[in-house]
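J.: What follows is a predicted protein model with its sequence.
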Amino acid sequence: MNDATPLTPPSASGTPFSNVNNIHVHSMIPEDQKNKADMQDVVSKSTQYVSLCYGLPSSTDMSTTRRKQWASKVGKTSRTVPPLASLTPTTEAFIENVKRAHFQASSWKHALDADPPALNTCDYGWHRNDVMKTLLPVTVPQTVFLAQPEVLQLVKCGCVSDNPCSTQIYSCAHARLPCTIFCACQRSAVYGCNNEQTVNV
């Protein structure tokens, strides 16, 4: 990412992304400032680049690119819903990936330097697990919900008994919907979820 010559992404449907060659992730950063690059600038350039790799207009927000990609796949046709893994990541997840890529690029660039920059891995998309004595990737910040709180409230139950979801007084069982990883029964059950719909999934 510190090289002034950008990577050339593969073409989609035989159409090359000619505009991608105009996106230099770090080319606009002065040489003496590259090691101290503002992450906002790095994320902005990376967002433009990756958006073009997916054949979409450049954007400064990856979640917007994700919505446009979703719309292009299902908006005007009767196709089945595309797998979420085929879409671009959300802005929050993308930023953590960019941090890790920025850290790795810096490590490679200064691999032969006698005094490489002292970067804290925990500031670049990694979390230190003291028990396992290893680094784990941060998927999204802890303050970010995996879905909007209103959506999670609609699709989860709050059952925390030792025999959870055994009757239809609980929201998911009452609605005849399977419990999900967002439900309290999945986190605190002793004997496992007893929702008939969950068991049969």
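T.: Happy to help now that I have it. Numbering: from 1, shown residues only.
J.: Okay, buried residues for stretch 132-143 please.
T.: Val138, Val140 (16 or more other CB atoms under 10 Å). (C-beta placed from N, C-alpha, C; glycine too.)
J.: Pull the distance from it to the chain's centre.
T.: In this view, stretch 132-143 has its centroid 13 Å away from the chain centroid, taken as CA atoms, centre = their mean, to the nearest Å.
J.: Can I get it as PDB, trimmed to CA atoms?
T.: Taking C-alpha atoms only, stretch 132-143 is exported to PDB below (Å, rounded to 0.1, in the frame of the first residue of the first chain):
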ATOM      1  CA  MET A 132      -4.300 -17.900  24.600                       C
ATOM      2  CA  LYS A 133      -1.200 -15.600  24.300                       C
ATOM      3  CA  THR A 134      -2.100 -14.700  20.700                       C
ATOM      4  CA  LEU A 135      -3.500 -11.900  18.600                       C
ATOM      5  CA  LEU A 136      -7.100 -12.200  17.300                       C
ATOM      6  CA  PRO A 137      -8.500 -10.100  14.400                       C
ATOM      7  CA  VAL A 138     -11.100  -7.600  15.300                       C
ATOM      8  CA  THR A 139     -14.200  -8.100  13.100                       C
ATOM      9  CA  VAL A 140     -16.000  -5.000  14.200                       C
ATOM     10  CA  PRO A 141     -15.500  -2.700  17.200                       C
ATOM     11  CA  GLN A 142     -17.200  -3.800  20.400                       C
ATOM     12  CA  THR A 143     -19.500  -0.800  20.300                       C
END
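J.: average pLDDT across that stretch?
T.: Stretch 132-143 shows a mean pLDDT of 90.
J.: List the contacts of it.
T.: Stretch 132-143 is contacted by residues Thr90, Glu92, Ala93, Glu96, Arg100, Thr121, Gly125, Trp126, His127, Arg128, Asn129, Leu146 when judged by CB atoms under 8 Å, 6 or more residues apart in numbering.
J.: Please produce a PyMOL select command covering the buried subset of those.
T.: Only the buried members of the contacts of stretch 132-143 enter the following PyMOL selection, criterion being 16+ other CB under 10 Å:
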select buried, resi 90+92+93+96+125+126
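J.: Turn the contacts of stretch 132-143 into a markdown table, columns for secondary structure.
T.: Conversion of these to a markdown table gives the following (DSSP: H, G, I helix; E, B strand; the rest coil):
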| residue | secondary structure |
| --- | --- |
| Thr90 | coil |
| Glu92 | helix |
| Ala93 | helix |
| Glu96 | helix |
| Arg100 | helix |
| Thr121 | helix |
| Gly125 | coil |
| Trp126 | strand |
| His127 | strand |
| Arg128 | strand |
| Asn129 | strand |
| Leu146 | coil |
